[in-house]
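Enquirer: sharing a model that was predicted from the sequence below.
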Protein chains: 2
Amino acid sequence: MSLPHNSNFIKCSTCSLKGFCLPMMLSHSDIDRLDNIIQRNKLLEKGTKVYSIGDKFTHIYAIRSGYLKSYSISDSGEEQITGFHLPGEIVGLEGINTGSHVGFSETLVPSHLCAIPYDKLDNLNSKIDGLRQQLFKIMSQEITHNHELMLMLNQKNADEKIATFLLSLSVRESLGKGLTTQFVLPMTRTDIANYLGLALETVSRIIGKLIKQDVISVDHRQVTINKVNILSELAGTSCHFVDPNQHN
Amino acid sequence: MSLPHNSNFIKCSTCSLKGFCLPMMLSHSDIDRLDNIIQRNKLLEKGTKVYSIGDKFTHIYAIRSGYLKSYSISDSGEEQITGFHLPGEIVGLEGINTGSHVGFSETLVPSHLCAIPYDKLDNLNSKIDGLRQQLFKIMSQEITHNHELMLMLNQKNADEKIATFLLSLSVRESLGKGLTTQFVLPMTRTDIANYLGLALETVSRIIGKLIKQDVISVDHRQVTINKVNILSELAGTSCHFVDPNQHN
DNA sequence: CGGGCGCTTGAACAGGGTCAACATCCGTGG
DNA sequence: CCACGGATGTTGACCCTGTTCAAGCGCCCG
């Protein structure tokens, strides 16, 4: 899930939850109340499952640092990656409905998470209007984001998908402040392919093509975007990720 | 969005909101309080827009009768149908995040809606724990549903998509009680194609093939499922829609 | 009656999947 | 330190699924 890129936010004590604690909505005392129920977990090493399918739903998790991937598994055993998650984003909301997690989430790199007990959060939700409203907004945005994803999966070709994907990560990497031209892809080509609905060979080929055209450079898993405007064009005009301040 | 198919529910006065008023969670007085803020609109004729992109977000809508389609439009003008909605389901939640609707929703057939003013609902959310929790569940389920959709769009071929689509409608048509073998497709082939990420010719061909194989029959827009088990197989074992009581 | 929309069907094409071979990276252990 | 093996990534050739283009039909409604 991606949180608002344009929202003002403050650091919630040691736990940066972008979009979660809007200064306009929460008083300092309310922030303290929220802060008091948040559990700060120790560093999770790469490959650690935050939750697995079938686990009892008890917490939602805000990412302080690191990188997560979430995925679900169909009855026939096919894996589908449903999202990659960066610091400031929240995972685990899919468990609210049934009280059990219906998918997995795991760390792609060593990551720090904040665990927020859902029962205590729900209790605060009845008392702190701004918190409840913000949570509804976050879930609403997740729905909107999924609709954009659907548009991408249904209507874009392979080149457009890759371009859109790279730009999306680039923007989210920068925590909503413009666009980072250098970032790391901690997921495998297989993961990217699965997420975008492509074959891994196709992902490899298209990234290769972009390198040949000098639109991006790749060193191991480090990506540099050399020509943002070309990448944006490739992504289609429907790209929300272009920083209007960027002119290269 | 689809609501829980397995949840017990009661009629919320004149307004049937499946999953919305769980008897276990809401007292009769709470149901009355909810009922008092709900506006029952007159019959909307076919093709009426419930809301449009850019409209101020003021209400969410529960469908009492009829059929809706929701869609959004990319910057480049491409339309993407994000869902079809049947009685008992809720639309408009995508507007919570920004305070404006980011897509359209319109009636495919004459439909009755309940409009629920969001500010009043939010007010009740602070007072009625069960209502708030249920709303979070509904939004959580929407997220889960989108993940399943993603799996379908990414990993299923055209035949599987159509089979899954037909079964899904068949189950939802029956309001969660098993599976209706006869129902109406009020949307055009073009709509189905757009939703599933296929060309309309492909949709037409595959439906034709299913008819030829006598898996389904189609009379105008009336669909009859003749061989549920075959359709389920086609949909993939990942199909959640099979009624265990059906053995034909 | 006619025009437009929705739908079907056919034929040719192409984007991307599949299969296969090979290259590279990385951790492990000798 | 280097050799090995497995996982990951690249590249090529072929082929299939589903798209595109095109033509024609049926139905609804003015």
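Expert: Yep, that arrived. Residues are numbered from 1 along each chain as shown, chains lettered A, B, ... in the order given.

Enquirer: from here on, just use CA atoms for contacts and neighbour counts.
Expert: OK.

Enquirer: write out the residues of chain A neighbouring DNA strand C.
Expert: A:156-159, A:197-202, A:220 (Cα under 7 Å from any atom of the strand).

Enquirer: excluding its backbone neighbours, what's nearest the residue minimising distance to the centre of chain A?
Expert: By Cα atoms, centre = their mean, chain A has its centre lying nearest to A:H85, at 2.9 Å. Leaving out its chain neighbours, the residue that sits closest to A:H85 by Cα to Cα, 6 or more residues apart in numbering or on different chains is A:L68, at 4.9 Å.

Enquirer: I'd say that neighbour and A:L86 touch.
Expert: Yes. Between A:L68 and A:L86 there is a contact under Cα atoms under 8 Å: 6.8 Å.

Enquirer: following element in sequence after the strand or helix carrying A:Y61, please.
Expert: Here A:Y61 sits within strand A:59-73, counting by DSSP states H and E. Sequence-wise, the next helix or strand downstream of strand A:59-73 (DSSP H and E) is strand A:79-85.

Enquirer: now the phi/psi pair for A:N97, please.
Expert: Main-chain torsions, A:N97, degrees, to the nearest 10: phi -60, psi -50.

Enquirer: actually A:K161, not the one I typed
Expert: Torsion angles, degrees, to the nearest 10, at A:K161: phi -60, psi -50.

Enquirer: so what does the helix ranked longest in chain A touch, helix or strand wise?
Expert: Identified as the longest helix of chain A according to DSSP state H is helix A:129-155. Under the contact criterion of 3 or more Cα pairs under 8 Å, 6 or more residues apart in numbering or on different chains; DSSP states H and E, helix A:129-155 touches helix A:118-127, strand B:79-85, helix B:129-155, helix B:189-196.

Enquirer: and the ones you listed, which is most packed in?
Expert: strand B:79-85 (a mean of 23; mean count of other Cα atoms under 10 Å in any protein chain shown).

Enquirer: ok now it, how far from the chain's centre?
Expert: Chain-centre distance of strand B:79-85: 10 Å, with Cα atoms, centre = their mean, to the nearest Å.

Enquirer: and for stretch A:171-181?
Expert: 12 Å.

Enquirer: swap in stretch A:184-202?
Expert: Counting by Cα atoms, centre = their mean, stretch A:184-202 comes out at 16 Å from the chain centroid.

Enquirer: and for stretch A:117-137?
Expert: 21 Å.

Enquirer: then stretch A:127-147?
Expert: Per Cα atoms, centre = their mean, the displacement of stretch A:127-147 from the mean C-alpha position of its chain is 15 Å.

Enquirer: what helix or strand is A:S204 on?
Expert: Here A:S204 sits within helix A:200-212, counting by DSSP H and E.

Enquirer: alpha carbons only: can I get the very next helix or strand once past that helix in PDB?
Expert: Toward the C-terminus, helix A:200-212 is succeeded by strand A:216-219 as the next helix or strand (DSSP H and E). Provided in PDB are the C-alpha atoms of strand A:216-219 (Å, rounded to 0.1, in the frame of the first residue of the first chain):
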ATOM      1  CA  ILE A 216      18.600   4.000 -17.000                       C
ATOM      2  CA  SER A 217      21.800   2.500 -15.700                       C
ATOM      3  CA  VAL A 218      21.900  -0.600 -13.500                       C
ATOM      4  CA  ASP A 219      24.800  -1.700 -11.300                       C
END
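
Enquirer: is any part of strand A:216-219 close to DNA strand D?
Expert: No. For strand A:216-219, no contact with DNA strand D is found by Cα under 7 Å from any atom of the strand; the gap never falls below 7.7 Å.
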